[in-house]
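Colleague: Dropping the sequence and predicted coords here.
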Amino acid sequence: MTSSYRSFFTREHVRSLLVALVMLGLAVVFQFYASIYSERVPSNSVPDLLLSILPVVNVNFLIVEGALLAIAGTIVLLLAKPKYLIFSLKAAAIFIATRAVFVSVTHLGIYPGQINPGTDFWDSIYTGLGLEAGFFFSGHTGLTFLMMLIFWKDKFWRYVYLVLCVLFAFGVLLAHVHYSIDVLAAPYITYTIYKISQYFFPEDYKLAIS
(Lines give C-alpha, C1' and ligand atoms only; values in the text may rest on other atoms or scores of the structure.)
Protein backbone atom coordinates (compact mmCIF):
# COMPACT_ATOMS: atom_id res chain seq x y z
CA MET A 1 0.00 0.00 0.00
CA THR A 2 2.87 2.37 0.78
CA SER A 3 4.32 2.02 -2.71
CA SER A 4 0.85 2.57 -4.18
CA TYR A 5 0.53 5.84 -2.30
CA ARG A 6 4.01 6.95 -3.28
CA SER A 7 3.24 6.44 -6.95
CA PHE A 8 -0.21 7.99 -6.54
CA PHE A 9 0.72 11.27 -4.91
CA THR A 10 2.33 12.96 -7.86
CA ARG A 11 1.67 16.63 -8.51
CA GLU A 12 -0.65 15.79 -11.40
CA HIS A 13 -2.66 13.29 -9.36
CA VAL A 14 -2.99 15.63 -6.39
CA ARG A 15 -4.22 18.41 -8.67
CA SER A 16 -6.75 16.06 -10.23
CA LEU A 17 -7.84 14.84 -6.79
CA LEU A 18 -8.49 18.41 -5.66
CA VAL A 19 -10.63 18.96 -8.76
CA ALA A 20 -12.54 15.77 -7.96
CA LEU A 21 -13.18 16.90 -4.37
CA VAL A 22 -14.41 20.31 -5.55
CA MET A 23 -16.71 18.62 -8.08
CA LEU A 24 -18.08 16.30 -5.41
CA GLY A 25 -18.62 19.15 -2.97
CA LEU A 26 -20.50 21.23 -5.55
CA ALA A 27 -22.60 18.22 -6.53
CA VAL A 28 -23.59 17.58 -2.89
CA VAL A 29 -24.58 21.24 -2.45
CA PHE A 30 -26.59 21.08 -5.68
CA GLN A 31 -28.33 17.93 -4.46
CA PHE A 32 -29.13 19.58 -1.12
CA TYR A 33 -30.89 22.54 -2.71
CA ALA A 34 -32.57 20.37 -5.33
CA SER A 35 -34.02 18.24 -2.53
CA ILE A 36 -35.30 21.31 -0.69
CA TYR A 37 -36.88 22.62 -3.87
CA SER A 38 -38.55 19.32 -4.74
CA GLU A 39 -40.05 19.04 -1.25
CA ARG A 40 -41.67 22.46 -1.63
CA VAL A 41 -43.42 21.59 -4.89
CA PRO A 42 -46.91 20.09 -4.40
CA SER A 43 -47.06 16.61 -5.89
CA ASN A 44 -49.24 13.52 -5.91
CA SER A 45 -48.47 9.84 -5.90
CA VAL A 46 -49.03 7.84 -9.09
CA PRO A 47 -50.10 4.22 -9.61
CA ASP A 48 -47.34 1.62 -9.81
CA LEU A 49 -48.13 -1.90 -10.99
CA LEU A 50 -45.20 -3.55 -9.21
CA LEU A 51 -45.68 -1.73 -5.91
CA SER A 52 -49.39 -2.55 -5.94
CA ILE A 53 -48.42 -6.24 -5.96
CA LEU A 54 -45.51 -6.18 -3.51
CA PRO A 55 -46.25 -6.20 0.23
CA VAL A 56 -44.91 -3.33 2.32
CA VAL A 57 -41.93 -4.60 4.34
CA ASN A 58 -39.94 -2.57 6.87
CA VAL A 59 -36.35 -3.06 5.71
CA ASN A 60 -34.99 0.22 7.07
CA PHE A 61 -31.98 -1.64 8.46
CA LEU A 62 -30.98 -2.33 4.85
CA ILE A 63 -31.96 1.02 3.38
CA VAL A 64 -30.52 3.20 6.17
CA GLU A 65 -27.75 1.34 8.00
CA GLY A 66 -26.95 -0.67 4.88
CA ALA A 67 -26.52 2.46 2.78
CA LEU A 68 -24.37 4.20 5.39
CA LEU A 69 -22.23 1.09 5.78
CA ALA A 70 -21.85 0.82 1.99
CA ILE A 71 -20.74 4.47 1.79
CA ALA A 72 -18.25 4.06 4.65
CA GLY A 73 -16.96 0.79 3.19
CA THR A 74 -16.52 2.36 -0.24
CA ILE A 75 -14.52 5.25 1.24
CA VAL A 76 -12.21 2.78 3.01
CA LEU A 77 -11.90 0.70 -0.17
CA LEU A 78 -10.96 3.73 -2.28
CA LEU A 79 -8.38 4.81 0.28
CA ALA A 80 -6.93 1.29 0.21
CA LYS A 81 -6.92 1.27 -3.61
CA PRO A 82 -6.02 4.90 -4.44
CA LYS A 83 -5.75 4.35 -8.19
CA TYR A 84 -9.57 4.19 -8.27
CA LEU A 85 -10.05 7.25 -6.09
CA ILE A 86 -9.97 10.17 -8.54
CA PHE A 87 -12.13 8.60 -11.24
CA SER A 88 -14.62 7.30 -8.67
CA LEU A 89 -15.02 10.73 -7.05
CA LYS A 90 -15.52 12.48 -10.39
CA ALA A 91 -17.98 9.85 -11.61
CA ALA A 92 -19.86 10.05 -8.30
CA ALA A 93 -19.99 13.85 -8.61
CA ILE A 94 -21.55 13.61 -12.06
CA PHE A 95 -23.95 10.96 -10.74
CA ILE A 96 -25.08 13.12 -7.80
CA ALA A 97 -25.43 16.24 -9.97
CA THR A 98 -27.39 14.34 -12.62
CA ARG A 99 -29.73 12.87 -10.02
CA ALA A 100 -30.23 16.35 -8.53
CA VAL A 101 -31.40 17.58 -11.94
CA PHE A 102 -33.86 14.68 -12.22
CA VAL A 103 -35.13 15.26 -8.68
CA SER A 104 -35.65 18.96 -9.48
CA VAL A 105 -37.75 18.34 -12.57
CA THR A 106 -39.56 15.13 -11.53
CA HIS A 107 -42.11 15.78 -8.80
CA LEU A 108 -43.85 12.64 -7.58
CA GLY A 109 -45.62 12.27 -4.27
CA ILE A 110 -44.92 9.59 -1.68
CA TYR A 111 -46.40 6.24 -2.61
CA PRO A 112 -49.07 5.14 -0.08
CA GLY A 113 -47.67 2.93 2.67
CA GLN A 114 -44.07 4.05 2.27
CA ILE A 115 -41.76 3.09 5.15
CA ASN A 116 -40.03 6.28 6.27
CA PRO A 117 -36.72 6.49 8.17
CA GLY A 118 -37.06 6.60 11.93
CA THR A 119 -35.64 9.10 14.40
CA ASP A 120 -32.74 7.21 15.94
CA PHE A 121 -29.04 8.06 15.52
CA TRP A 122 -28.42 6.35 12.17
CA ASP A 123 -31.73 7.49 10.71
CA SER A 124 -30.87 11.06 11.65
CA ILE A 125 -27.52 10.82 9.86
CA TYR A 126 -29.25 9.28 6.84
CA THR A 127 -31.87 12.03 6.60
CA GLY A 128 -29.33 14.72 7.52
CA LEU A 129 -27.26 13.75 4.48
CA GLY A 130 -30.41 14.01 2.34
CA LEU A 131 -30.15 10.38 1.25
CA GLU A 132 -33.91 9.89 1.45
CA ALA A 133 -34.78 12.86 -0.75
CA GLY A 134 -36.25 12.47 -4.22
CA PHE A 135 -37.48 9.50 -6.18
CA PHE A 136 -36.23 9.40 -9.74
CA PHE A 137 -33.82 7.77 -10.00
CA SER A 138 -32.75 5.39 -7.20
CA GLY A 139 -29.47 6.46 -5.62
CA HIS A 140 -29.19 3.18 -3.70
CA THR A 141 -29.34 1.17 -6.91
CA GLY A 142 -27.43 3.60 -9.11
CA LEU A 143 -24.39 4.29 -6.95
CA THR A 144 -23.73 0.62 -6.22
CA PHE A 145 -24.14 -0.11 -9.93
CA LEU A 146 -21.65 2.68 -10.70
CA MET A 147 -19.09 1.21 -8.30
CA MET A 148 -19.63 -2.20 -9.85
CA LEU A 149 -18.72 -0.74 -13.25
CA ILE A 150 -15.68 1.07 -11.86
CA PHE A 151 -14.38 -2.10 -10.16
CA TRP A 152 -15.35 -4.31 -13.10
CA LYS A 153 -11.85 -5.77 -13.56
CA ASP A 154 -11.63 -6.64 -9.87
CA LYS A 155 -13.92 -9.67 -9.82
CA PHE A 156 -14.37 -9.81 -6.06
CA TRP A 157 -15.50 -6.19 -5.67
CA ARG A 158 -17.49 -6.34 -8.89
CA TYR A 159 -19.68 -9.05 -7.38
CA VAL A 160 -19.82 -7.38 -3.97
CA TYR A 161 -21.31 -4.26 -5.56
CA LEU A 162 -23.58 -6.33 -7.79
CA VAL A 163 -25.01 -8.07 -4.72
CA LEU A 164 -25.43 -4.72 -2.96
CA CYS A 165 -27.15 -3.27 -6.03
CA VAL A 166 -29.66 -6.14 -6.14
CA LEU A 167 -30.27 -6.04 -2.37
CA PHE A 168 -30.86 -2.29 -2.41
CA ALA A 169 -33.13 -2.57 -5.45
CA PHE A 170 -35.36 -5.12 -3.72
CA GLY A 171 -35.12 -3.24 -0.42
CA VAL A 172 -36.34 0.14 -1.68
CA LEU A 173 -39.18 -1.55 -3.58
CA LEU A 174 -40.30 -3.64 -0.61
CA ALA A 175 -40.26 -0.54 1.60
CA HIS A 176 -42.09 1.36 -1.17
CA VAL A 177 -39.59 4.24 -0.87
CA HIS A 178 -39.07 4.22 -4.64
CA TYR A 179 -41.31 3.66 -7.61
CA SER A 180 -40.37 0.71 -9.79
CA ILE A 181 -39.35 3.05 -12.62
CA ASP A 182 -36.81 4.66 -10.26
CA VAL A 183 -35.09 1.33 -9.78
CA LEU A 184 -35.43 0.02 -13.33
CA ALA A 185 -34.08 3.22 -14.89
CA ALA A 186 -31.13 3.61 -12.50
CA PRO A 187 -28.72 1.14 -14.19
CA TYR A 188 -29.34 2.61 -17.65
CA ILE A 189 -28.79 6.20 -16.51
CA THR A 190 -25.81 5.16 -14.40
CA TYR A 191 -24.15 3.38 -17.32
CA THR A 192 -24.49 6.57 -19.38
CA ILE A 193 -22.92 8.57 -16.53
CA TYR A 194 -20.09 6.03 -16.40
CA LYS A 195 -19.39 6.41 -20.13
CA ILE A 196 -19.59 10.21 -19.89
CA SER A 197 -17.04 10.08 -17.05
CA GLN A 198 -14.75 7.96 -19.21
CA TYR A 199 -15.03 10.47 -22.04
CA PHE A 200 -14.33 13.59 -19.96
CA PHE A 201 -11.70 12.07 -17.65
CA PRO A 202 -9.74 9.58 -19.77
CA GLU A 203 -6.50 9.89 -17.80
CA ASP A 204 -8.25 9.26 -14.49
CA TYR A 205 -9.98 6.26 -16.04
CA LYS A 206 -6.69 4.89 -17.37
CA LEU A 207 -5.21 5.22 -13.89
CA ALA A 208 -8.15 3.31 -12.40
CA ILE A 209 -7.89 0.38 -14.78
CA SER A 210 -4.07 0.25 -14.84
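Modeller: Structure's in. What do you need?

Colleague: Tell me which residues touch Leu146, please.
Modeller: Ala91, Ala92, Phe95, Thr190, Ile193, Tyr194 (Cβ atoms under 8 Å, 6 or more residues apart in numbering). C-beta: built from backbone N, CA, C; applies to glycine.

Colleague: between those residues, which is closest to Ile75?
Modeller: Ala92 (10.8 Å; Cβ to Cβ).

Colleague: nearest spatial neighbour of the closest one, skipping sequence neighbours?
Modeller: Leu24 (6.3 Å; Cβ to Cβ, 6 or more residues apart in numbering).

Colleague: Now do the SS call for that neighbour.
Modeller: helix (DSSP: H, G, I helix; E, B strand; the rest coil).

Colleague: List the contacts of it.
Modeller: Leu89, Lys90, Ala92, Ala93, Ile96.

Colleague: Can you list the low-confidence ranges for the chain?
Modeller: 1-7, 42, 115-119, 122-123, 128-133 (pLDDT under 70).

Colleague: For it, just list every one of the helices.
Modeller: In the chain, the helices defined using DSSP state H lie at 2-8, 11-40, 49-53, 60, 67-80, 85-105, 121-128, 139-150, 155-174, 180-200, 202-209.

Colleague: Need the winner for burial among those.
Modeller: helix 139-150 (a mean of 25; mean count of other Cβ atoms under 10 Å).

Colleague: related to what we said a few turns ago, switch the contacts of Leu146 over to TSV; also include distance to Leu79.
Modeller: As requested, the contacts of Leu146 are arranged in TSV below (distance: Cβ to Cβ, whole Å):
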residue	distance to Leu79
Ala91	17
Ala92	14
Phe95	20
Thr190	23
Ile193	23
Tyr194	21
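
Colleague: Which one of those residues is nearest to Tyr33?
Modeller: For these, the nearest to Tyr33 is Phe95 (16.9 Å; Cβ to Cβ).

Colleague: Okay, His21 and Ile86: tell me how far apart.
Modeller: For residue 21 the amino acid is Leu, not His. 9 Å (Cβ to Cβ, to the nearest Å).

Colleague: would you turn the helices of the chain into CSV with distance to Gly113?
Modeller: Listed next are the helices of the chain as CSV, based on distance: least, Cβ to Cβ, whole Å:
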stretch, distance to Gly113
helix 2-8, 48
helix 11-40, 19
helix 49-53, 8
helix 60, 14
helix 67-80, 21
helix 85-105, 22
helix 121-128, 18
helix 139-150, 19
helix 155-174, 11
helix 180-200, 14
helix 202-209, 41
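
Colleague: Enumerate every residue touching the nearest residue to Tyr37 once chain neighbours are set aside.
Modeller: Nearest-residue entry for Tyr37: Ser104, 5.9 Å, with adjacent residues in sequence omitted and distances by Cβ to Cβ, 6+ apart. Neighbour list for Ser104: Ala34, Tyr37, Ser38 [criterion: Cβ under 8 Å, 6+ apart].

Colleague: now the spatially most central residue of the chain: how far from Phe137?
Modeller: By Cα atoms, centre = their mean, the mean C-alpha position of the chain lies nearest to Leu143, the distance being 3.0 Å. Remark: distance between Leu143 and Phe137 (Cβ to Cβ) = 11 Å.

Colleague: Ok, Ser35 next?
Modeller: From Ser35 to Phe137 the distance is 14 Å (Cβ to Cβ).
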